[in-house]
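Engineer: Sequence plus the predicted model coming up.
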Amino acid sequence: MKKIVILVAMLMLTLTLVAQNNAADAKLQSELFAKEKALWDAFFKKDLQPFTTLLADDGVFADSMGFTNKADMLKAITGINCKINSYSFSKQKMSRIDQDAVILTFTATQEGECDGQKVPVTSYVTSTWVKRKGKWLGFSHTETPAMVMEPAKK
């Protein structure tokens, strides 16, 4: 009987810890997606301040034009001419790598153009965030435009 009581107590403790971790992860996910949205808003406004404070100095970023680092991205943001009428995130998910690193995945839907080119309506996005000196920083960001499949010609 004593063993059963101990097993039940251990099970309850484990369930409590799992629930606490899930709540902490849900809060972190909400906070990091708010930071992600702040970066998207800043990009369209050419506001460099959020990029200087929310991105890791040694981060690497990729898009359809290739790879870049933080310093070069800051220069590029001021030179690109974008008019985005709307955007939204869906299918948001956070996956933990460890206590100090997570990957955000989501689908971005947007309508607008950059430098006279229509932006992809749907993109699949991954952003890696790392915790350094108690602060979460964007370390890597990649966007993959959704592929539109044409019907096969007969």
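Structural biologist: The structure has been received and is ready for your questions. Residues are numbered from 1 along each chain as shown.
Engineer: From here on, just use CA atoms for contacts and neighbour counts.
Structural biologist: Fine.
Engineer: Correct me if wrong: L104 contacts Y124.
Structural biologist: No. Between L104 and Y124 there is no contact under CA atoms under 8 Å: 10.8 Å.
Engineer: Now K75: which helix or strand?
Structural biologist: helix 70-79 (DSSP states H and E).
Engineer: in that helix, what's buried?
Structural biologist: Within helix 70-79, the residues that count as buried by 16 or more other CA atoms under 10 Å are K70, M73, L74, I77.
Engineer: Ok, stretch 93-107 next?
Structural biologist: By 16+ other CA under 10 Å, the buried positions in stretch 93-107 come out as M94, A101, V102, I103, L104, T105, F106, T107.
Engineer: Tell me which two of those residues sit farthest apart.
Structural biologist: Pairwise distances across the buried residues of stretch 93-107 (CA to CA) peak at 20.4 Å, for the pair A101 and T107.
Engineer: Quick check: N69 vs F51, distance?
Structural biologist: Using CA to CA, to the nearest Å, one gets 12 Å for the distance from N69 to F51.
Engineer: Neighbour count for those two, which is higher?
Structural biologist: F51 (23 against 16; other CA atoms under 10 Å).
Engineer: what about A38, is that helix, strand or coil?
Structural biologist: Classification of A38 using DSSP: H, G, I helix; E, B strand; the rest coil returns helix.
Engineer: Any figure for the gap between it and V130?
Structural biologist: For A38, the distance to V130 (CA to CA) stands at 17 Å.
Engineer: The two: which is more packed in?
Structural biologist: Shown here are A38 and V130; by other CA under 10 Å, V130 has more neighbours (22 against 14).
Engineer: And the pLDDT for the more buried one?
Structural biologist: pLDDT, V130: 98.
Engineer: Disregarding flanking residues, what is the spatial nearest neighbour of it?
Structural biologist: Nearest non-adjacent residue to V130, counting by CA to CA, 6 or more residues apart in numbering: A101, 4.4 Å away.
Engineer: wait, doesn't the one you found sit right on T128?
Structural biologist: Yes. Applying CA under 8 Å as the test, A101 and T128 come out as touching, 7.1 Å apart.
Engineer: which residues do those two both contact?
Structural biologist: By CA atoms under 8 Å, 6 or more residues apart in numbering, A101 and T128 have no common neighbours.
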